[in-house]
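*Asks:* Please work out how this folds:
(2 chains)
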Number of protein chains: 2
Amino acid sequence: MGKIESNLVNTPHFNPLNPQEFRKQAHEMVDFIADYYQNIESYPVLSQVQPGYLRANLPQNAPSLPESLETILEDVKNQIIPGMTHWLSPNFFAFFPSTVSTAGFLGEMLCTCFNSVGFNWIASPAATELEMLVIDWLADMLKLPKSFMFQGTGGGVIQNTTSEAILVTLIAARDKALDVDGSGNLNKLVVYASDQTHSTFAKACKMVGISPRNIRLIPTTIDAGFSLSPIQLKAAVEADMADGLVPLYLCVTLGTTSTTAVDPIELLAGVAKEHGMWVHVDAAYAGSACICPEFRHHLNGVELVDSLSLSPHKWLLSGLDCCCLNKQSESDSVVDFKDWQVGTGRRFKSLRLWLIFRTYGVVNLQDHIRSDVGMAKIFEDFVRSDPRFEIVVPREFGLVCFRLNPDETFGSDYTELLNRKLLDWVNSTGRVYMTHTKVGGIYILRFAVGATLTGDNHVVAAWKLIKEGADALLKTV
Amino acid sequence: MGKIESNLVNTPHFNPLNPQEFRKQAHEMVDFIADYYQNIESYPVLSQVQPGYLRANLPQNAPSLPESLETILEDVKNQIIPGMTHWLSPNFFAFFPSTVSTAGFLGEMLCTCFNSVGFNWIASPAATELEMLVIDWLADMLKLPKSFMFQGTGGGVIQNTTSEAILVTLIAARDKALDVDGSGNLNKLVVYASDQTHSTFAKACKMVGISPRNIRLIPTTIDAGFSLSPIQLKAAVEADMADGLVPLYLCVTLGTTSTTAVDPIELLAGVAKEHGMWVHVDAAYAGSACICPEFRHHLNGVELVDSLSLSPHKWLLSGLDCCCLNKQSESDSVVDFKDWQVGTGRRFKSLRLWLIFRTYGVVNLQDHIRSDVGMAKIFEDFVRSDPRFEIVVPREFGLVCFRLNPDETFGSDYTELLNRKLLDWVNSTGRVYMTHTKVGGIYILRFAVGATLTGDNHVVAAWKLIKEGADALLKTV
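*Replies:* Numbers count the residues shown, from 1 in each chain, chains lettered A, B, ... in the order given. You can find the predicted model right below:
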């Protein structure tokens, strides 16, 4: 070996992970980020840029030679931040909040630090085992039956998003229903959900080859609070069976995207199980509330279902992407998580949840849910106190569905126009960002409370702004 | 509003994102991580724990009350790190490396900081637009035709992993081939790849409903360097068509997982395009090398294919998960990336690549590829210099496929046993981690160079250790 070895000159290679350099630059980045959080209210919540703004301001090609961190951070300040819709702003009341926390951030730093690829047990034993543990911790916080836990006969996995959770459970259900050789009648399989179910359900069904003609999105009504009716489900299933079709999968939603409607798990699962269907509960947003005893009743009947998914990035402070999927099934002593998901490689995601659960404790996480619900209640009371507004559907969690409806005599088109104008005006101020939905033909304004930094004062200010908009609008009418 | 407002007491809510607290704790975490990188060589590369070790050492339930960061970091040190297989260790030569960098880490911190959910343009304009830009930057670095760029007629997206890239392109191909109402003959669609293709291909095919009987994994041979033969592909396609089947999709691999074999894109695409198939190039690992002119020829013919995926987490320092998918197709001025992937929500992933490309520049990234290939060459020369060893397949990139083969007279089973023993011994020392593969009936040791911190000295030390193992093994024979 002598000759070859003597040819090796100990030249310093390009080292993109020099620990001293890492330490220095990562500290700089921490300060940059802490400053961003401190100043976050100074930015318009909803970005005011036009499509294509960024390409016009940045080079069209990667540089040949290195640039300094300072130069890059200047661009983050001047080019990126103005183009952000600031999901972490305390004045963000759009969609559902995407909650974060210091503990979640630190967990993510650790995950990035190790950069382990836990596709099977030996590739990162701690990554697999910690995930099994925190999945059980969460199941325990939700008072799920042992049959959903590794400690019992089930288990779970952290997926990226609800879409992936629905996709993998659909595939499991499909492959159970079809012949082993895959030659079964895929075209005969039918899936069910309400018309309030997130569009990712139909997307996942199409991905796995369910015929679009066999996706039943059963209509809901405002009188039933937009929840799926077991009677209607039963009628739909029986009609399909009479037509020679095979009921495959029911997606029950706990807290729909539009209005946080809750489908009755127990009754629906009862119908579905009579016909051997796979029942999945999508509890992406509202499932987290069930760590509080006063909300746990929404999970009644969960022992009847096959799988349940819940996204801690929505309401348990984890940051994206983090969707926990629990299922009732046998599990082995050594779990290879690559067989539970779309991808092969996977990150050490459980660190985030582990740090969150430990740093805050269950008591504070319950407080956090209650505090958000309390702020939504404050906003609801504001709306109820102003006769020009109305609450459209009863509030159950952190979302208030309301609208301006000063005078119905001009018809629903006029009411919708007024509300559209109000929403546009509020969002154009950059001081608040809200979104809308349209269900049962009604255009509704959504006020979703729960961004991590939101306090009572932000809710009060948002209501003042909305009232200001309404005053101006109604004056010009 | 007066009464309600006066009821609001300005009590401090539980605030899990207090900027001062964030700043303090994130600085602590930076130092913890920098220390980990500095000490990484002191840990066994391959974890030595037994299944179930962690549950035995940690509480079975989440704590009710908060715990301090210090307590948690103690557990990371004492419970998590011993259970890690250290992918970032400079002595990690297993699988393919999962490369990282300070710039990638900082980009990930920024992504976590914003926690924006870029499912459509308005939800985070900067996130969508920066992704479009860096996807084009990478396409330019690879000298892809304009038809793969947003600047041309195509575009791209950052997926989580290759699995997802294959899944979404398969679905696009399937839905193009089937009737609009989904009633077409899914059972007649056939897909093609070599028997060296990553198992995620067959997994993705099953996910989208391709019959397992219609997945053709065409055999390769050692004489052809385990690359897919266009002649064999043509024969397989013609046989299927004679049987009334419909060729759908060809997966070409640039750098197979076992031996980094390169399928000839131009010739294979020529065959596939005669029959209207979708052609996808999986360049997960070796695609990154094509940013160097001397490797670019492996992409010759890429203008004939429909899509190409490449994972910067494998060889472009990005950390997990980051897989760039480029495709030839029309694109609109406003891109809603949720329609390009499995999930709806998505993180601001492009920040990582943007920071990497700018912090290092193309010149250093090319140096980094060449340095890894150079170290693999050094190891290859060591192997060639010792007559007890042999190189099993020619080395092209950073992977050396070799084995101990002192005397063939005892037969192949004996040779395999010797190599298994050598690998077990080397890995049991904790000083190096390598893996094996078995192709063409041959048990091969894989030495994959490319962990970010690896230098010449680690390659030299690894070879010494392997020789030491071989000495001991052959002495006892």
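
*Asks:* residue contacts, A:Cys92?
*Replies:* Actually, residue A:92 is Phe. It isn't Cys. By Cβ atoms under 8 Å, 6 or more residues apart in numbering or on different chains, the contact list for A:Phe92 reads A:Val45, A:Thr85, A:His86, A:Tyr433, A:Ala451, A:Thr454. All C-beta atoms are positioned from the backbone trio N, CA, C, and that covers glycine.

*Asks:* so it bridges to which residues?
*Replies:* Using DSSP bridges, the bridge partners assigned to A:Phe92 are A:Tyr433.

*Asks:* For it, give its distance to chain B.
*Replies:* Computed as Cβ to the nearest Cβ, to the nearest Å, the A:Phe92 to chain B distance reads 10 Å.

*Asks:* Report the rounded mean pLDDT for the helix or strand hosting A:Val363.
*Replies:* Assigned by DSSP states H and E, A:Val363 falls within helix A:350-385. Helix A:350-385 comes out with an average pLDDT of 98.

*Asks:* which parts of that helix are buried?
*Replies:* A:350-362, A:364-369, A:371-373, A:375-376, A:378-383 (16 or more other Cβ atoms under 10 Å in any protein chain shown).

*Asks:* The residue nearest to A:Leu46 when sequence neighbours are not counted: how many residues sit nearby?
*Replies:* Nearest in space to A:Leu46, with sequence neighbours left out and distances taken as Cβ to Cβ, 6 or more residues apart in numbering or on different chains, is A:Tyr433 at 4.3 Å. By other Cβ atoms under 10 Å in any protein chain shown, 25 other residues sit near A:Tyr433.

*Asks:* What residues does A:Tyr433 make contact with?
*Replies:* A:Val45, A:Leu46, A:Thr85, A:Ser89, A:Asn91, A:Phe92, A:Phe93, A:Ala94, A:Asn427.

*Asks:* cutoff 6 Å now
*Replies:* Applying Cβ atoms under 6 Å, 6 or more residues apart in numbering or on different chains, one finds that A:Tyr433 lies in contact with A:Val45, A:Leu46, A:Phe92, A:Ala94, A:Asn427.

*Asks:* Look up how far A:Ala269 lies from it.
*Replies:* Between A:Tyr433 and A:Ala269 the computed distance is 37 Å (Cβ to Cβ, to the nearest Å).

*Asks:* Quick check: residues of the stretch 201-350 of chain A near chain B?
*Replies:* A:207, A:209, A:211-212, A:317, A:319-320, A:333-334, A:342-345, A:347 (Cβ under 6 Å from any Cβ of the partner chain).

*Asks:* from the residues you listed, which two are the most distant?
*Replies:* Greatest spacing in these, by Cβ to Cβ: A:Pro212 and A:Ser333 (41.5 Å).

*Asks:* For the two, work out which one has more neighbours and name it.
*Replies:* In this view A:Pro212 and A:Ser333 are compared by other Cβ under 10 Å, and A:Pro212 has more residues nearby, 12 against 8.

*Asks:* which residues sit against stretch A:292-312?
*Replies:* A:143, A:145, A:162, A:165, A:169, A:254, A:262, A:265-266, A:269, A:278-284, A:287, A:289-290, A:318, A:322-328, A:366, A:369.

*Asks:* cool, stretch A:93-107 as well?
*Replies:* With Cβ under 6 Å, 6+ apart as the criterion, stretch A:93-107 contacts A:87, A:285, A:313-315, A:317-319, A:351-352, A:355-356, A:359, A:433-435, A:447-448, A:450-452, B:16-17, B:21-22, B:25, B:29, B:112, B:115, B:117.

*Asks:* Just the ones of those in strands?
*Replies:* A:Thr435, A:Phe447, A:Ala448 (DSSP state E).

*Asks:* what are the bridge partners for the last one, then?
*Replies:* According to DSSP bridges, the residues that bridge with A:Ala448 are A:Leu399.

*Asks:* okay, now it: neighbour count?
*Replies:* 23.

*Asks:* Helix or strand: which one has A:Arg216?
*Replies:* Counting by DSSP H and E, A:Arg216 is part of strand A:215-218.

*Asks:* With A:Pro90 instead?
*Replies:* With DSSP H and E as criterion, A:Pro90 is part of no helix or strand.

*Asks:* that older thread, what's downstream of the helix holding A:Val363, the next helix or strand?
*Replies:* Downstream of helix A:350-385 (by DSSP H and E), the next one is strand A:389-393.

*Asks:* now the strands for the stretch 151-300 of chain A?
*Replies:* A:155-159, A:189-194, A:215-218, A:246-253, A:278-282 (DSSP state E, counting those that start in this stretch).

*Asks:* Save these as a markdown table, and put in mean pLDDT, distance to B:Ile135 and mean neighbour count too.
*Replies:* A markdown table is the format used below for the strands of the stretch 151-300 of chain A (pLDDT from 0 to 100; distance: least, Cβ to Cβ, whole Å; neighbours: other Cβ atoms under 10 Å in any protein chain shown):
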| stretch | mean pLDDT | distance to B:Ile135 | mean neighbour count |
| --- | --- | --- | --- |
| strand A:155-159 | 92 | 25 | 26 |
| strand A:189-194 | 97 | 34 | 25 |
| strand A:215-218 | 98 | 32 | 18 |
| strand A:246-253 | 97 | 33 | 26 |
| strand A:278-282 | 97 | 31 | 27 |
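
*Asks:* Show me which of the contacts of stretch A:93-107 are buried.
*Replies:* For the contacts of stretch A:93-107, a neighbour count by 16+ other Cβ under 10 Å gives the buried set as A:87, A:285, A:313-315, A:317-319, A:351-352, A:355-356, A:359, A:433-435, A:447-448, A:450-452, B:16-17, B:22, B:25, B:29, B:112, B:115, B:117.

*Asks:* Report how many residues lie close to the closest residue to A:His27 other than its chain neighbours.
*Replies:* Spatial nearest neighbour of A:His27, excluding adjacent residues (Cβ to Cβ, 6+ apart): B:Val30 at 5.5 Å. Residues near B:Val30, counting by other Cβ under 10 Å, number 24.

*Asks:* is it true that B:Val30 touches A:Gln25?
*Replies:* No: the criterion here is Cβ atoms under 6 Å, and B:Val30 misses it with A:Gln25 at 9.3 Å.

*Asks:* Kindly provide the distance from A:Ile81 to B:Glu390.
*Replies:* In terms of Cβ to Cβ, A:Ile81 sits 57 Å off from B:Glu390.

*Asks:* Quick one: low-confidence residue ranges for chain A.
*Replies:* Scanning chain A for pLDDT under 70 picks out A:1-13, A:179-184, A:330-334, A:477.

*Asks:* Outline the domain layout of it.
*Replies:* A:24-83, A:116-346, A:363-476 (automatic domain parsing).
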